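>>> Model the structure of this input:
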Amino acid sequence: MGFFAPIPWAILVIHILVLKNKWNFAATKVITGLAVIFGWLVISYWLFGNYQILFLNQFEGVFAKLAGFVVLAVALTIEIFTTRALGTRRIFGSSELVQTKKDRLITDGIYKYARHPRYTEHPFWFLGLGLLFGYPALILFSLYLFLAFAITAYYEEQELIKRYGEEYVIYKKKTPNFFIST
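Alright, predicted model coming up:
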């Protein structure tokens, strides 16, 4: 949890900087990296001192464990199909930061069904683990991630509209955000 907590906000900052044409790869990479490391240190320090909160109120139940396995299977499936659609280079965001002429909008594979499958996948990992092992803290953390990634997705979409124009607007109209039409 300590590792994942600042990641949505770092992604959000990167998308805002790219959107506003203030992305300088070398300088911003250092600033964003330092901010994420600082976030990790603060959160890790707090978790280390308050680790017992994570393990309070553990619950049991066959239904919760089965639901946890199902949610983890869904997360793994999303991971596999996303990696297949993007390839490892795009998975780590390098194409977003350093665009090339070969850069194109991905609308096939899993991206036919959701515009942000990765932003769905990550919270599912924590939700599944929380249900499987009975830790409410992990379930609450998954809700935090859903909210953080929903905010991040909004700014990412502004940047994608700027980058791909009408092609992204059309894609956005016909494809749900997180597998669910709103």
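
>>> Check the gap between the closest residue to residue 11 other than its chain neighbours and residue 126 for me.
Sequence neighbours aside, residue 152 is the residue nearest to residue 11 in space, at 5.2 Å (criterion: CB to CB, 6 or more residues apart in numbering). Every C-beta, even on glycine, is put in place using the N, C-alpha and C of the backbone. Shown here: residue 152 relative to residue 126, a distance of 16 Å by CB to CB, to the nearest Å.

>>> Tell me who's in contact with the spatially closest residue to residue 116 that is not a sequence neighbour.
Setting aside the residues directly before and after it, residue 116 is nearest to residue 153 in space (CB to CB, 6+ apart), at 4.8 Å. For residue 153, the residues meeting the contact criterion (CB atoms under 8 Å, 6 or more residues apart in numbering) are 115-116, 119, 177-178.

>>> circling back: for the residue nearest to residue 11, give its distance to residue 51.
Taking CB to CB, one finds residue 152 at 27 Å from residue 51.

>>> more neighbours, these two?
It is residue 152, of residue 152 and residue 51, that has more neighbours when counted by other CB atoms under 10 Å, with 23 against 10.

>>> mind checking the SS state of that one?
helix (DSSP: H, G, I helix; E, B strand; the rest coil).

>>> so what's the residue nearest the centre of the chain closest to, chain neighbours aside?
Here the mean C-alpha position of the chain is nearest to the C-alpha of residue 119 (CA atoms, centre = their mean), at a distance of 3.5 Å. Distance criterion CB to CB, 6+ apart; nearest residue to residue 119, sequence neighbours excluded, is residue 149 at 3.7 Å.

>>> Touching, that neighbour and residue 122? I think so.
Yes: judged on CB atoms under 8 Å, residue 149 makes contact with residue 122 at a distance of 6.9 Å.

>>> Looking only at neighbour counts, state which of those two leads.
It is residue 149, of residue 149 and residue 122, that has more neighbours when counted by other CB under 10 Å, with 23 against 20.

>>> Quick check: what element follows the lowest-mean-pLDDT helix or strand in the chain along the chain?
Using mean pLDDT, DSSP states H and E, helix 94-97 stands out as the lowest-scoring helix or strand of the chain, at a mean of 49. Downstream of helix 94-97, the first helix or strand assigned by DSSP states H and E is helix 117-133.

>>> Relative to the whole chain's centre, how far out is that following helix?
From the chain centre to the centre of helix 117-133 is a distance of 11 Å (CA atoms, centre = their mean, to the nearest Å).

>>> likewise stretch 52-62?
Relative to where its chain is centred, stretch 52-62 has its mean C-alpha point 25 Å off (CA atoms, centre = their mean).

>>> Stretch 73-87 too?
For stretch 73-87, the distance between its averaged C-alpha position and the chain's averaged C-alpha position is 13 Å (CA atoms, centre = their mean).

>>> likewise stretch 147-164?
Between the centre of stretch 147-164 and the centre of its chain there are 12 Å (CA atoms, centre = their mean).
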